[in-house]
Structure formats: structure tokens, C-alpha cells
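> Pasting the sequence and the predicted model now:
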Amino acid sequence: MAQFPLIDQASLVMIPGAYKESKVYSQLPTDGSGDFTFSRGTDNATRVNEERLIEKGYENLLLQSNSFDTVWTNSNTTETGGQADKDGGTDAWLLSKSAANGMIYQSITSSGIQTLSVYAKKGTNSWMQIYAVGSSNVRAYYNLGDGTLGAYALNIIDRNIENIGSGWYRCSVTFNSSITNVRIFVSDGSNDDTGTSGNIYIQDAQLNQGLVAYPYLETTAAPAYGGITANQPRLNYTGDCPSLFVEESRTNSVTQSEYLTGQKSVITYNNQISPEGLENALKQTGDGSVPYFYIDTRPTLPSSGTYNVSIFVKKGTTDWFRIRVRDLDTFYYANFNITSKVIGQHNSTTTPQIVDYPNDWKRISMTFETTTDLSAQFNIAPMDGDEDEVFPDTSLEYAYFYGLQCEKGSYPSSYIPTYGSAQTRAAETLTATKTLPSEGTLYINVGGTTQPKLSVLGEFFNASATENKVAIAYSATALKISHNGSIVVDKTGTYDVSSLTEIDLGHNGGTDQADTSIGEFITFGSFLTTTELNALTQ
Amino acid sequence: MSTYLNISDKIKLNSFTPDPDYAALTSYAITQGYSLPSASQQTLQEQLVTDLKTAGVWDKLDVFYVFATDGDSDYATLNWKAPSSHQVTKVNSPTFTADIGFRGNASSSYLNTNYTPSTDAINYQLNNASIFMYRSELATAGQIQAYEGTVKSGEGYAMVSGRPPAYGENYLNSTAGLVNSSTNVGVGLQLVNRPNSSTINLYFNGSFISQNTSVASVSVPSVSVWNFAANNGGSGTFFSNVGHGMWGMGADLTSEQSDFNTAIQNYISAL
């Protein structure tokens, strides 16, 4: 944790840490008058959390998720609550059937990549079927006796049975379908629901977007939301200290950011622990038909301009990867060695980047321009070397992928997951109403920026790509600025410093959001000395 | 641009990426040891470049000089389109005044742009051309016509004047001119365009003044373009003490002239 000299002289201190929905707390003043109001209308934002893992928003779209006699409809079953549950309590339900195909169901409309899950334990029967009725009927069987998957499954991407102890399993099925109804059957075997009696125990059903079952959220009369929700400030832990995202609105035009498809390859979903810390990254292996293979996605871009494309990659057998954008006005590409973190050959305008993530994941990105052709084709290919995408035997080569994003802008913003349609993360604001004196000092740490210059009151100085600590001493007649330990501006002049009543952090009245997350912000009621300013920014 | 801090729109901390062409200009000036404009004026100048690009003007220019600056007089001589090319030569010490520009002495001093249309032109063409100046000070002495540019015998002239109709005309690759109006002889932006082989039009401060549709193009000048006098094959004529805040030449700007004028006026009015 950083040290903050002169903090006993400060009048307002906001070191990112404490927050709640729509609020970021300042440590000083203690009466709440220096607290910041935060806004972001959408819940599809992500952050890097304390464990350095990507954290999303998620949901349970089912209603009455553990009240199987409410909203749920039965068909040849009875539901009895108050049963011994997976947590040592009595919140489980006994689901008993009285005829063949006995089941309960809930009508619900949902589409895209989804995972339906329920905790279950064998009763007199050892089998359960999870069924989703929709554009493609989804079916999967689970053996609650030995914790294995049934042989029969229909229209699924993946399914899983996780032993959580005491005879309980979390059973889940992942699919891509527009559904209208979910069902839980008391089954008699794999693809066998013919028995006329029998029971199983069930608890905590959930339907969430994504390739895996997220932590359970209890619902009653409305869906429930967890993780990063609307108007929740996002503390970002990519650096040594937490900082706040205050990002501009961005749209991920890739409609399936995790359920990626490829060419000349075999893809296995949910094969690898992703930057989320969940097993929802895919493995792509060459199919051996040709000496190359690649991820292939073709989004439609909303308008012309500068775009950034990014994807999380992890080494399988190759160190090199290429991002290539085709079928636009110009052909763009960049090569990345994710082991040595060397940028290989690339178009001069693509500004490629490699950013570290835990568990050997890297986020690679590049920019490109489009003017008239808005039908992009993105290829992300494992490579045998810089400019060498040909392998002697592709069936031996593989790589891992997660989180493809294409957004309008010159740099990659935080990850926006998509599950079937483009998603827009709303712009964020962080504002406090607080009167500052006409002579004082402002200190802010804004992390690194890809832009080369910083400016204050018409004066400008070089920015750092890694960290920018800036202390601004101001009065009606003088301006002195320290940047990363040195005075970079020392001017006299006439400055309008009257009526300083509103503090926007990371934005300019709701626009021009910051391209890096915001660290600590401190104000002082005096024009600090050169020594003091430099001490703040060292 | 990104904003990290905004205190009541009074104190802001921003990051930004300088316009590459303006950055090239200031970088070149630094390598030459010239004094750059103040930080606030650099912001204005960068905005001018951005505005000219947005207006579709920038790419149509061959040379563009901004004499009205609080940088030093050497910085004021740079060609913004290509800082290491066609730098103005100050001959016989024209007067330089910060934020106003250069002014002739009505007898011997002039600016040689070292831009010769016949050999240097990229956008300036026989039947698609423009020449403009921001006239910051009126001619009060010297040759009454106060022509500037080129006037070599046997070829088309590139020559403009800010003098009243009785004396002042504008030539563009021609030996016949478009006569001034009484409304375009003050301080301001004078823009002369040749959109085709027979027409010259004239705009002043964004307003259409007149055009002549019977001014045949003859040839592109083969001598360098001067300010405060006209280059007659290496010798000067029509010396005056007119003063300029800007000068430029390029392709026809008839379609862009309104936005062009706005960009120029925004810069001048902010000085």
C-alpha cells in the first residue's frame, strides 16, 4: 500500500476502497460531505477483483428458485419442503413422482448462451433429467447415485455434475437456445423416465447466462443479480493498489465473446480455467486437414471509425498468436509472442498490446480502422513463429481462448461479456459536490495512459505509460505542478479559481471518461511547496 | 482525450494525443532551436490543424504559414504542412509582431515562401487552385496596387491584392484578374479560388464577394511566391507595407470555404 505524506494536512481524501451502490466513500472528511456519487446504468461491466480475476455480473433468471411449489408447476409430482439440505439445514425439497414422466416446470423466456443448474441428491431414484424447451430442446441426464453423467444428452454445449459432498451434486447443462420452459424430471435411468414412482431431493435451481453455472442466487418473485451490478463502482486490482474504473460507454460488437467458433479445428468448451477463475475457457486443436487453424468471428460493426479488438489467450503448444482483421477497407494484423511478451510483425497503425492476467493468460489487442466496409472478419490464430502460421502437424497443436471483444475506440476497455448479442456498457461518472478553496492543492494518481501528453490549465507535460501521480498547486495568480516526483509546470498568471464546487473524477461532466482507472485523490487547503508537491508524487 | 479530474470546469487534468502534424511542426521547431508558442497558444494551433482537417482543407493545402503567433519569428516562418520544406525566408527584415504576424516595409522587405508552383505543387493545379491570406495590417505605403505573389512575364500569375477596386485585382494562373470589391479590402481572410479553367472566385471572411467566369488559365507560375511584393522572375515589384497573419496555397477551396473561414477566425479571435 502506498504511503501518503502530508495526509494530516489534507481536507479531502478518497483512497478507493469503500463503496456501495452509487456511492464511493472518502476517508476525509468523516461527515460524508466529501463522498462521491457514482453512476453506470448497466450491469454487464466487469472488473479485476482482489484475486486478480475477472469478475462479472450474473443473475438467476428463475423465480422462486428454492420454492418448488410456487410459480413452478407440477406434472405427476408432489413437492415436499423442509428436507435436510446440502448445507446442513432443512431447505431442500423432496420431489416425488406418481406417474411416468413426472416432473416440475417453470415457464421462462430466455435466449443465448445459458446454463441451467440445480443441486440434487438421490432419493429412491438415482436419476434426474434437466430439460429446457425451446428453439432447440435441451436434455441432459445425471446419475445421482455415482455422480456420473448419463449417456443421453441433446442440444447441449456442455454439462457437468459436481460432487459437493453428503450425497449432493450440482448438476448443470449449458446450451444455446431460445427457451420458454425449464423442467426437472425424476428419472429412472439415462433417457428413461418411464417409472411411475420414485423420488429425488432438489435444491436451489438457477438459470444464468454464460457457459458455466455461477454462484447460486436465491430468488422469490423477481430475478436476482450478483457480482458487478448496475451502478456498482468497480474497484480495479490490476495495479499495486485498487483504483476505480470510470470508463466511457463501449459496445462489444462480438455477439459471442466466449462461445467462440473456429476454422480447421476442434473446439472443446469449458476446458480450461479462464481469467475469471472458472472453467469456461475453450481449447482449440487443429483438425489436421490443413497446416493451420484459427478462431473465426464475423461481427457487424455499427459505424466507421477506429476499433480495438482484444482476446484473452493462453499458451497450449505455441508461443505466438496473430490477430488478423479481414474484409475491411484495409487488411490489419499483429503478431504476439505471449511467452516473451514481444510484439512481432504488425501494421504500423495497429498499436498492439500484451497485458498479463493470472494463470498465464494474456490479453492481446490491436486497433484498426474501417471507413465503409462494416462487415469485419476476425481471425485469431496460433502461430509457429512470427509470420509463421504453418505447422507440420496441426492435430498436435492447440491453444486456449476466452473473451473476444471488438469495441469502437483506440484502446481496449474492460471486458464486456456477450452471450448472443452485442452488449453496451454504459458510461460511468464519479462526482462529489464539495467547495474547494480558491488557493489549494489537488493530488491524483491516474495510473498509466497510452496518450503522450497531460494538460492542466493550458499547460502540458509528458505522460507516463505506467503511472501518473500529479499534484496541482493553484491560486488566482500561480500554478505549480509536480508529476512523478518533479516540478513540470511553475507559472504565474491569472487563473479563474472561483466557485470550485464540483469534483468530477475520471470524466468531464459525463463525457471524456478516463482511459485508465482512478487511484487516490486528495485535496489540501494550501498552495504546497515544491518539496511537498514532489513528496506527494514520488 | 481523457479527463481524469475536472473541478467545476475551472481546473482540469486531461491526457491527450497531439495531432501528428502539429506535433511534427513543434518537434521540428525544437530541433531548429526556435521558441515555441506559449502552451495555451499551442493548444489553439493544434485545434486549428484539427479544424482544418475536419473541414477537409488540410489535405488540399501545399503550404500553410501562420505568422500570427507568440512563438518567435523563426517559428512563424515554418510551413505547417511540411515543416522542413518551403520555410519562409525573411528578406530585408520584414517586421514581426507577436500574435499579428509579418509586415513589409513598402520598399525592400518581403517573405519568400520558397514555394514554386510549377515544381513544388501537389494540390495546387492549373485549373484547381487557391491562394489565401489573413490580412492583419492594411497597406498604407508603397506601390498602390500592393500586389503579392508572382508576376513573371510570359506565364500565369499567382497574385493577390487587398487594395480597393481601382487598384486591386486577383490572379490565379492567369494574366487577367478578378477585380476586388470595396468589401474585401479590410482586415480579414481573403481567399481566391480557381475551380476550373475559366473561373476565379473571391471570398472574404467567409462571404462570397465576386467571380469572373472568363479568366482563362494560362500556366502555373515557375517562380517562388513572395509576400509583400510580387516575384517578377527574381526581382521584386509592387512592394507595400501590408501585414499578414497567415498565408497559404493549395487546391480549390470553394466548397470548404465556410468551414475554412470559421477555423481561421476561431484561431485569430482567440489570440
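Received it, and whenever you're ready, just let me know what you need.

> right, and A:K341 touches A:Q353 too?
No. Proximity of A:K341 to A:Q353 does not meet the contact threshold set by CB atoms under 8 Å, at 10.0 Å. Any C-beta I mention is one placed from the backbone N, CA and C, and that applies to glycine too.

> okay, those two: which has more neighbours?
Higher neighbour count among A:K341 and A:Q353: A:Q353, with 20 against 13, using other CB atoms under 10 Å in any protein chain shown.

> so what's that one closest to, chain neighbours aside?
Beyond its immediate neighbours in the sequence, the residue positioned closest to A:Q353 (CB to CB, 6 or more residues apart in numbering or on different chains) is A:S365, lying 4.9 Å away.

> ok, what's across the strand from that neighbour?
Counting by DSSP bridges, A:S365 forms beta bridges with A:S310, A:Q353.

> Can you report how many residues lie near it?
Counted by other CB under 10 Å, the residues lying close to A:S365 total 23.

> Name all residues that make contact with it.
With contacts defined as CB atoms under 8 Å, 6 or more residues apart in numbering or on different chains, the neighbours of A:S365 are A:N308, A:V309, A:S310, A:I311, A:I323, A:P352, A:Q353, A:V355, A:Y411, A:P412.

> Quick check, pLDDT for the second one.
We have a pLDDT of 97 for A:V309.

> cool, A:Q3 as well?
Among the per-residue scores, A:Q3 shows a pLDDT of 63.

> Any figure for the gap between A:R363 and A:S310?
With distances taken as CB to CB, to the nearest Å, A:R363 is found 6 Å from A:S310.

> what's the overlap in contacts for those two?
Taking CB under 8 Å, 6+ apart as the contact rule, the neighbours common to A:R363 and A:S310 are A:G403, A:P412.

> Mind checking which of these two has more residues around it?
The residue with the greater number of neighbours, taking A:R363 and A:S310 and applying other CB under 10 Å, is A:S310; the counts read 24 against 21.

> Near chain B, which residues of the stretch 301-450 of chain A are found?
Within the stretch 301-450 of chain A, the residues that sit near chain B (CB under 8 Å from any CB of the partner chain) are A:L436, A:L442, A:I444, A:V446, A:T449.

> what residues are up against residue 40?
No chain in the question, so chain A it is. Neighbour list for A:R40: A:A230, A:N231, A:Q232, A:R425, A:A426, A:A427, A:E428, A:T429 [criterion: CB under 8 Å, 6+ apart].

> Switch to chain B, please.
Shown in contact with B:S40 (CB under 8 Å, 6+ apart): A:G458.

> Over to it. Which of the three states is it?
Per DSSP: H, G, I helix; E, B strand; the rest coil, the local secondary structure of B:S40 is helix.

> what do you get for A:S414?
Look at A:S414: counting by three-state DSSP, its state is coil.

> so where do the helices sit in the stretch 401-538 of chain A?
Counting by DSSP state H, counting those that start in this stretch, one finds helices in the stretch 401-538 of chain A at the ranges A:530-537.

> quick one, strands of it?
A:423-425, A:429-436, A:440-445, A:453-456, A:459-462, A:469-474, A:478-483, A:486-492, A:500-505, A:521-524 (DSSP state E, counting those that start in this stretch).

> go on, the stretch 101-250 of chain B?
Counting by DSSP E, counting those that start in this stretch, the stretch 101-250 of chain B forms strands over residues B:101-103, B:110-112, B:129-137, B:148-150, B:157-160, B:169-174, B:178-179, B:188-194, B:200-204, B:207-212, B:226-227, B:230-232, B:235-237, B:243-250, given from the N-terminal end onward.

> Pull the distance from the third one to the chain's centre.
Think strand B:129-137. Relative to the mean C-alpha coordinate of its chain, strand B:129-137 is positioned 5 Å out (CA atoms, centre = their mean, to the nearest Å).

> Pull that strand out as CSV, backbone CA atoms only.
Included here for strand B:129-137 are C-alpha records, laid out as CSV according to Å, rounded to 0.1, in the frame of the first residue of the first chain:
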residue,chain,number,x,y,z
ALA,B,129,-6.0,26.1,-57.2
SER,B,130,-6.3,28.6,-54.3
ILE,B,131,-4.3,31.3,-52.6
PHE,B,132,-5.2,33.0,-49.4
MET,B,133,-4.0,35.3,-46.7
TYR,B,134,-5.2,36.6,-43.4
ARG,B,135,-4.5,40.3,-43.8
SER,B,136,-3.7,41.7,-40.4
GLU,B,137,-2.5,45.1,-41.4
